[in-house]
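Novice: sharing a model that was predicted from the sequence below.
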Amino acid sequence: MKFEDAIVKSIKAFLDGKMAEEFSQTTEGGELFYTPAYFDAYEKAIEEGDFDPVEEEMEDDAEDV
Amino acid sequence: MQKMFDAPIPGENFTSDVRNYPWHRPPEIVEYDDGVEYLMNKLQEQEQAEIAYSMLEVGFPITTVVSAMLMQGIAKGKFPIDLAILIAGPLARYIEIIAKTNDIKYKMGTEDENRQPITPTSLKMALGIYEDDEEETDVVEVVDSPDGAEGFMSPPIIASDEEQSSMLGQVEDDEMEML
């Protein structure tokens, strides 16, 4: 399998809402942030105009402080 | 004879510097979320965004844009190949959302373009089913033109039996016999 084929396969699986099993356990917190559900919510928020990138950046800065 | 000795010495690989290329060194990003975030931020850079969305406008599928970006990251030693494959999906989805919101025409590139669609006709042909009704539908009715006009594609006019026999000279022979 070529690299490009692996990429296409990975994208297909993600668009179908699938992620590698037990993949989240490899992360420190045990939970993944950028899941298919996150992107669905992100798309919906952009369509409805609820998403404000400036606001999000400000929230991030506040957390850092 | 000379070629026989023109080969690497066993263990020669251990003498080379393995830090020559970025991908020989440990990657900078090893976490999934960090990798996705890095690429999403990268796409917000003016230059990178121009390249990516211009590629989509030209007609390249999202899969090609994603693999180009990932190859770039691997070459720079940002993330390992296996992580690149894992973060391909979120990156493609992110590009899709941005393309949708900015009315950029895009192809995902995950659909198989060589696939033949299954239709009733193709299925019948594959199963060897032939219907007799097809022969009946092939019969074409010849309609005479209302003005009797003879066009280039009109059917030929067939002469009557008398005309044909006269053309063959049969009438003349009969008349000759009578005389």
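Specialist: Happy to help now that I have it.
Novice: not counting its own residues, what contacts stretch B:94-105?
Specialist: A:39, A:42-43, A:46-47, B:36, B:39-40, B:43, B:52-53, B:56-57, B:62, B:65-66, B:106, B:108 (C-beta atoms under 8 Å, 6 or more residues apart in numbering or on different chains). C-beta here means a position set from N, CA and C on the backbone, and glycine is covered the same way.
Novice: filter those down to just the buried residues.
Specialist: Buried by 16 or more other C-beta atoms under 10 Å in any protein chain shown: A:39, A:43, B:36, B:39-40, B:43, B:52-53, B:56, B:62, B:65-66, B:106, B:108, out of the contacts of stretch B:94-105.
Novice: make CSV out of the residues you listed and add pLDDT.
Specialist: Converted to CSV, the buried ones among the contacts of stretch B:94-105 look like this (pLDDT from 0 to 100):
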residue, pLDDT
A:39, 91
A:43, 91
B:36, 93
B:39, 94
B:40, 94
B:43, 91
B:52, 89
B:53, 89
B:56, 90
B:62, 93
B:65, 92
B:66, 93
B:106, 89
B:108, 87
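Novice: of the residues you listed, which belong to helices?
Specialist: A:39, A:43, B:36, B:39, B:40, B:43, B:52, B:53, B:56, B:62, B:65, B:66 (DSSP state H).
Novice: nearest to residue B:166 among these?
Specialist: Relative to residue B:166, the closest of those is residue B:56; by C-beta to C-beta it sits at 78.8 Å.
Novice: write out the residues of chain A neighbouring chain B.
Specialist: Contacts of chain A with chain B, taken as C-beta under 8 Å from any C-beta of the partner chain, map to A:3-4, A:6-8, A:10-15, A:19-20, A:23, A:26-28, A:32-34, A:36, A:39, A:42-43, A:46-47.
Novice: let's go with 7 Å and repeat that
Specialist: When proximity is defined as C-beta under 7 Å from any C-beta of the partner chain, chain A approaches chain B at A:3-4, A:6-8, A:10-15, A:20, A:27, A:32-34, A:39, A:42-43, A:46.
Novice: so whichever residue of chain A sits closest to chain B versus residue B:90, what's the distance?
Specialist: Nearest residue of chain A to chain B: residue A:14, at 2.3 Å (C-beta to the nearest C-beta). Per C-beta to C-beta, to the nearest Å, residue A:14 is found 7 Å from residue B:90.
Novice: of those two, who's got more company?
Specialist: More crowded of residue A:14 and residue B:90, by other C-beta atoms under 10 Å in any protein chain shown: residue B:90, with 28 against 24.
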